[in-house]
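> Pasted the sequence and its predicted model underneath.
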Amino acid sequence: MRRRTGLAMAGVVALAWGEWVNWRWSRALVGNRPGASEAVVVLGYRNPRSTANFINRWRVRAGIRSLDADGTRDVRVVFSGGATGNGATEAQVMADYARSVLEFDGTLLLEEQSATTWENIANVIPLLEDVDRIKIVSQPAHALKARAYLRRQRPDLAERLVRADDYRPGEWPAGKPLLALYGLWTLRGLKADERKVSHPRT
């Protein structure tokens, strides 16, 4: 009985830790910048088939729900990702899913050359120059890494970063501890000030 109770408590702690770590990452390197135009950048995940896999489907949904709800902004969605197989690029696969399944009829732009997160950011920069607000969508650790890369490549554009809706409490509950562990490994190259939770003024 004690062993089962201990395992249950350990499970609860792991779930809470996973939520907390992903929550922190989703709030790092973002502000509360106002503006009339917005770009939502959705980063692709390796997708060798011609239809969107589970990860890319989730990222597209998170990107669409990250759009400003008031409908008054000049908004574009940018899908970023090159080819990872013999089929369409990650960007095209995500765009097809957004159009055909989610019935998104807004402005879509594709960046289809990138093979790494650093390239994702470098290649979408020309599509972000004229917007007031930038949201980067992926799993929280990956999105934070991309925001840090934008900060390194174009600190002026990084000043325009705001939160995307790619973290929600209770979403992927069992997976969040694993995502947190993997995220700690992938973010090991970030500096302390690139991990710090932002406290934007309201």
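Yes, it's here. Numbering: from 1, shown residues only.

> buried residues in stretch 165-184?
By 16 or more other CB atoms under 10 Å, the buried positions in stretch 165-184 come out as 165-167, 172, 176-177, 179-180, 183. Every C-beta, even on glycine, is put in place using the N, C-alpha and C of the backbone.

> farthest pair in those?
Taking CB to CB, the two most distant members of the buried residues of stretch 165-184 are 165 and 177; they sit 21.3 Å apart.

> Any idea how many residues pack against residue 16?
By the measure other CB atoms under 10 Å, the count of residues near residue 16 is 12.

> likewise the one 3 residues further on?
The local packing of residue 19 (other CB under 10 Å) involves 19 other residues.

> Same question for residue 38.
21.

> Give the full set of residues in contact with it.
Contact partners of residue 38, counting by CB atoms under 8 Å, 6 or more residues apart in numbering, are 67-68, 73-76, 131-135.

> And those, which is the shakiest by pLDDT?
Note: of the contacts of residue 38, the lowest pLDDT belongs to residue 73, at 72.

> Pretty sure residue 36 is one of the things that one touches, is it not?
Yes - counting by CB atoms under 8 Å, residue 73 touches residue 36, with 6.2 Å between them.

> Mind checking which of the two has more residues around it?
Higher neighbour count among residue 73 and residue 36: residue 73, with 16 against 10, using other CB under 10 Å.

> how far away is the more buried one from residue 104?
Between residue 73 and residue 104 the distance is 15 Å, computed by CB to CB, to the nearest Å.

> Likewise for residue 36?
Taking CB to CB, one finds residue 36 at 21 Å from residue 104.

> do residue 127 as well
17 Å.

> cool, and residue 175?
For residue 175 relative to residue 104 (CB to CB), the value is 25 Å.

> what kind of secondary structure is residue 78 in?
strand (DSSP: H, G, I helix; E, B strand; the rest coil).

> neighbours around it, how many?
Neighbours of residue 78 (other CB under 10 Å): 27.

> Help me confirm that residue 127 comes into contact with residue 110.
No - contact status for residue 127 versus residue 110: not in contact, 9.4 Å apart, counting by CB under 8 Å.

> Could you tell me which residues touch both of those two?
By CB under 8 Å, 6+ apart, the residues touching both residue 127 and residue 110 are residue 78.
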